[in-house]
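[1] 3D model of this:
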Amino acid sequence: MVRAILLDMDGVLIDSERHWHAIEGAWLRSVIPGWIDEYQKECVGLSMLGLYEMLCVRHDLPMAFPDFRQAYVELATAIYQERAELMPRCLDFLQAARKSGTKLAVVSSSPKEWIRIIVDRFEIADYFSRLVSADDVGGIGKPDPAVYLHAAAELSEIPSDCIAIEDSENGVLSAVRAGMYCVGFRNGMNDAHNLDRAHQIMEGFSEAAFHSLVR
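    Next up, the predicted model:
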(Lines give C-alpha, C1' and ligand atoms only; values in the text may rest on other atoms or scores of the structure.)
Protein backbone atom coordinates (compact mmCIF):
# COMPACT_ATOMS: atom_id res chain seq x y z
CA MET A 1 0.00 0.00 0.00
CA VAL A 2 1.44 3.34 -1.07
CA ARG A 3 0.96 5.95 1.63
CA ALA A 4 3.69 8.44 0.74
CA ILE A 5 5.77 9.51 -2.23
CA LEU A 6 9.17 10.99 -1.51
CA LEU A 7 10.75 13.08 -4.25
CA ASP A 8 14.35 14.08 -4.71
CA MET A 9 14.77 17.74 -5.62
CA ASP A 10 17.63 18.20 -8.11
CA GLY A 11 16.86 16.40 -11.34
CA VAL A 12 13.38 15.30 -10.19
CA LEU A 13 11.36 18.30 -9.03
CA ILE A 14 13.54 20.77 -10.91
CA ASP A 15 15.86 20.76 -13.93
CA SER A 16 18.80 22.02 -11.89
CA GLU A 17 21.21 19.20 -12.77
CA ARG A 18 21.91 20.68 -16.20
CA HIS A 19 22.76 24.00 -14.58
CA TRP A 20 24.90 22.34 -11.93
CA HIS A 21 26.76 20.46 -14.66
CA ALA A 22 27.69 23.68 -16.42
CA ILE A 23 28.26 26.03 -13.48
CA GLU A 24 29.70 23.55 -11.00
CA GLY A 25 31.83 21.97 -13.71
CA ALA A 26 33.42 25.29 -14.62
CA TRP A 27 34.15 26.04 -10.96
CA LEU A 28 35.64 22.61 -10.29
CA ARG A 29 37.89 22.92 -13.33
CA SER A 30 39.14 26.22 -11.91
CA VAL A 31 40.13 24.75 -8.52
CA ILE A 32 41.09 21.12 -9.27
CA PRO A 33 43.84 20.57 -11.85
CA GLY A 34 42.88 17.89 -14.36
CA TRP A 35 39.17 17.92 -13.57
CA ILE A 36 37.12 16.48 -16.44
CA ASP A 37 33.37 16.29 -17.08
CA GLU A 38 33.32 12.52 -16.56
CA TYR A 39 34.11 13.01 -12.88
CA GLN A 40 30.97 15.03 -12.30
CA LYS A 41 28.76 11.94 -12.10
CA GLU A 42 30.42 11.28 -8.75
CA CYS A 43 28.99 14.53 -7.38
CA VAL A 44 25.29 13.92 -8.00
CA GLY A 45 23.17 13.16 -4.95
CA LEU A 46 25.84 13.87 -2.34
CA SER A 47 25.40 16.22 0.59
CA MET A 48 27.66 19.25 0.71
CA LEU A 49 29.84 17.62 3.36
CA GLY A 50 29.87 14.33 1.48
CA LEU A 51 30.83 16.13 -1.72
CA TYR A 52 33.63 17.99 0.01
CA GLU A 53 35.03 14.82 1.53
CA MET A 54 34.82 12.96 -1.79
CA LEU A 55 36.61 15.76 -3.65
CA CYS A 56 39.35 15.92 -1.03
CA VAL A 57 39.95 12.15 -1.03
CA ARG A 58 39.63 11.41 -4.74
CA HIS A 59 40.69 14.67 -6.35
CA ASP A 60 42.91 16.45 -3.80
CA LEU A 61 40.67 19.49 -3.44
CA PRO A 62 42.96 22.24 -2.05
CA MET A 63 40.38 24.13 0.01
CA ALA A 64 39.09 24.35 3.57
CA PHE A 65 35.45 23.41 4.12
CA PRO A 66 34.21 26.93 5.08
CA ASP A 67 35.57 28.32 1.79
CA PHE A 68 34.10 25.39 -0.11
CA ARG A 69 30.70 25.90 1.51
CA GLN A 70 30.67 29.60 0.69
CA ALA A 71 31.54 28.91 -2.94
CA TYR A 72 28.70 26.37 -3.21
CA VAL A 73 26.20 28.69 -1.56
CA GLU A 74 26.99 31.26 -4.27
CA LEU A 75 26.64 28.64 -7.03
CA ALA A 76 23.37 27.39 -5.57
CA THR A 77 21.90 30.87 -5.23
CA ALA A 78 22.45 31.53 -8.93
CA ILE A 79 20.91 28.20 -9.90
CA TYR A 80 17.91 28.04 -7.57
CA GLN A 81 16.86 31.66 -7.59
CA GLU A 82 17.42 32.41 -11.28
CA ARG A 83 17.89 29.40 -13.55
CA ALA A 84 16.20 26.22 -12.40
CA GLU A 85 12.63 25.49 -13.46
CA LEU A 86 10.09 22.90 -12.39
CA MET A 87 10.18 19.72 -14.43
CA PRO A 88 7.52 19.55 -17.16
CA ARG A 89 4.12 18.44 -15.80
CA CYS A 90 5.46 18.31 -12.26
CA LEU A 91 2.46 20.26 -10.99
CA ASP A 92 0.08 17.76 -12.63
CA PHE A 93 1.78 15.00 -10.65
CA LEU A 94 1.68 16.93 -7.36
CA GLN A 95 -1.98 17.87 -7.83
CA ALA A 96 -2.93 14.25 -8.54
CA ALA A 97 -1.16 13.15 -5.36
CA ARG A 98 -2.93 15.78 -3.29
CA LYS A 99 -6.33 14.80 -4.69
CA SER A 100 -5.69 11.18 -3.76
CA GLY A 101 -4.61 11.98 -0.21
CA THR A 102 -1.11 10.57 -0.73
CA LYS A 103 1.49 12.23 1.44
CA LEU A 104 4.36 13.97 -0.33
CA ALA A 105 7.81 14.93 0.90
CA VAL A 106 10.95 16.40 -0.61
CA VAL A 107 13.98 14.31 0.37
CA SER A 108 17.27 15.83 -0.70
CA SER A 109 20.95 15.78 0.20
CA SER A 110 20.96 19.54 -0.38
CA PRO A 111 20.85 22.02 2.53
CA LYS A 112 17.37 22.81 3.82
CA GLU A 113 17.73 26.47 2.82
CA TRP A 114 18.11 25.44 -0.84
CA ILE A 115 14.94 23.34 -0.70
CA ARG A 116 13.05 26.26 0.78
CA ILE A 117 14.22 28.57 -2.02
CA ILE A 118 12.61 26.23 -4.55
CA VAL A 119 9.32 25.51 -2.79
CA ASP A 120 8.84 29.20 -2.04
CA ARG A 121 9.85 30.43 -5.49
CA PHE A 122 7.42 28.06 -7.24
CA GLU A 123 4.74 28.24 -4.50
CA ILE A 124 4.59 24.47 -4.01
CA ALA A 125 5.29 24.23 -0.26
CA ASP A 126 1.64 23.37 0.49
CA TYR A 127 1.90 20.13 -1.50
CA PHE A 128 4.48 18.68 0.88
CA SER A 129 4.00 17.31 4.36
CA ARG A 130 7.73 17.47 5.02
CA LEU A 131 10.90 18.97 3.55
CA VAL A 132 13.76 16.65 4.52
CA SER A 133 17.42 17.46 4.04
CA ALA A 134 20.78 15.95 4.92
CA ASP A 135 20.83 18.80 7.47
CA ASP A 136 18.24 16.80 9.44
CA VAL A 137 20.57 13.82 9.84
CA GLY A 138 23.84 15.51 10.70
CA GLY A 139 24.83 16.23 7.11
CA ILE A 140 24.77 12.56 6.07
CA GLY A 141 23.67 12.47 2.43
CA LYS A 142 22.87 9.82 -0.11
CA PRO A 143 23.74 6.97 -0.79
CA ASP A 144 23.41 6.47 2.97
CA PRO A 145 19.74 5.64 3.78
CA ALA A 146 19.56 8.00 6.78
CA VAL A 147 17.75 10.82 5.03
CA TYR A 148 15.03 8.49 3.70
CA LEU A 149 14.62 6.71 7.03
CA HIS A 150 14.27 10.09 8.72
CA ALA A 151 11.66 11.17 6.16
CA ALA A 152 9.57 8.04 6.75
CA ALA A 153 9.69 8.61 10.50
CA GLU A 154 8.69 12.25 10.07
CA LEU A 155 5.70 11.14 7.98
CA SER A 156 4.82 8.41 10.53
CA GLU A 157 5.05 5.79 7.79
CA ILE A 158 7.05 2.59 7.47
CA PRO A 159 9.60 2.63 4.61
CA SER A 160 7.93 -0.21 2.72
CA ASP A 161 4.79 1.93 2.33
CA CYS A 162 6.79 4.72 0.68
CA ILE A 163 7.82 5.29 -2.93
CA ALA A 164 11.00 7.25 -3.60
CA ILE A 165 11.62 8.96 -6.95
CA GLU A 166 15.30 9.41 -7.78
CA ASP A 167 17.38 10.43 -10.80
CA SER A 168 20.88 9.40 -9.65
CA GLU A 169 22.67 6.22 -8.67
CA ASN A 170 23.44 7.61 -5.21
CA GLY A 171 19.80 8.50 -4.69
CA VAL A 172 18.53 5.11 -5.85
CA LEU A 173 20.94 3.34 -3.51
CA SER A 174 19.81 5.51 -0.60
CA ALA A 175 16.14 4.72 -1.15
CA VAL A 176 16.67 0.99 -1.73
CA ARG A 177 18.86 0.70 1.36
CA ALA A 178 16.06 2.37 3.35
CA GLY A 179 13.68 -0.39 2.26
CA MET A 180 11.57 1.75 -0.07
CA TYR A 181 10.20 1.04 -3.51
CA CYS A 182 12.37 3.18 -5.76
CA VAL A 183 11.38 4.69 -9.09
CA GLY A 184 14.24 5.76 -11.31
CA PHE A 185 13.39 9.06 -12.98
CA ARG A 186 14.67 9.66 -16.49
CA ASN A 187 14.69 13.40 -17.10
CA GLY A 188 16.48 13.68 -20.45
CA MET A 189 19.72 14.74 -18.77
CA ASN A 190 20.77 11.66 -16.79
CA ASP A 191 21.23 8.92 -19.40
CA ALA A 192 24.77 8.32 -18.10
CA HIS A 193 23.53 7.52 -14.59
CA ASN A 194 23.09 3.89 -13.60
CA LEU A 195 19.54 3.44 -12.27
CA ASP A 196 19.55 -0.36 -12.51
CA ARG A 197 18.86 -0.80 -8.80
CA ALA A 198 15.53 1.05 -9.12
CA HIS A 199 12.42 -1.13 -9.13
CA GLN A 200 11.00 0.64 -12.16
CA ILE A 201 11.77 3.56 -14.46
CA MET A 202 9.52 6.55 -15.05
CA GLU A 203 9.93 8.82 -18.06
CA GLY A 204 8.83 12.21 -16.79
CA PHE A 205 5.82 13.46 -14.83
CA SER A 206 2.10 13.47 -15.54
CA GLU A 207 -1.15 12.76 -13.74
CA ALA A 208 -1.18 9.36 -15.47
CA ALA A 209 2.33 8.67 -14.17
CA PHE A 210 1.11 9.26 -10.62
CA HIS A 211 -1.82 6.86 -11.01
CA SER A 212 0.45 4.20 -12.51
CA LEU A 213 2.53 4.25 -9.30
CA VAL A 214 -0.33 3.93 -6.82
CA ARG A 215 -2.71 1.63 -8.66
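
[2] next, count neighbours for Ser129.
    Here the count is done by other C-beta atoms under 10 Å, and Ser129 has 17 residues near it. Any C-beta I mention is one placed from the backbone N, CA and C, and that applies to glycine too.

[3] now do Glu207
    Neighbours of Glu207 (other C-beta under 10 Å): 16.

[4] that one touches Asp92, doesn't it?
    Yes: in this structure, Glu207 is within contact of Asp92 by C-beta atoms under 8 Å, at 4.7 Å.

[5] run through who's touching the longest helix along the chain.
    Longest helix of the chain, by residue count under DSSP state H: helix 16-31. With C-beta atoms under 8 Å, 6 or more residues apart in numbering as the test, helix 16-31 has contacts from 9-11, 35, 37, 39-40, 43-44, 55, 61-63, 71, 75, 78-80, 83-84, 167, 187, 189-190.

[6] with stretch 191-206 instead?
    Contacts with stretch 191-206, where a contact means C-beta under 8 Å, 6+ apart, come from 41, 44, 87-90, 92-93, 165-169, 172-173, 176, 181-188, 209, 212-213.

[7] give me the nearest residue to Asn190, chain neighbours excluded.
    Among residues not flanking Asn190 along the chain, Asp167 sits closest, at 5.0 Å (C-beta to C-beta, 6 or more residues apart in numbering).

[8] what about the one you found, distance to Arg69?
    Distance from Asp167 to Arg69, counting by C-beta to C-beta, to the nearest Å: 24 Å.

[9] looking at those two, which one has more neighbours?
    Each of Asp167 and Arg69 has its neighbours counted (other C-beta under 10 Å); Asp167 has more, 29 against 15.
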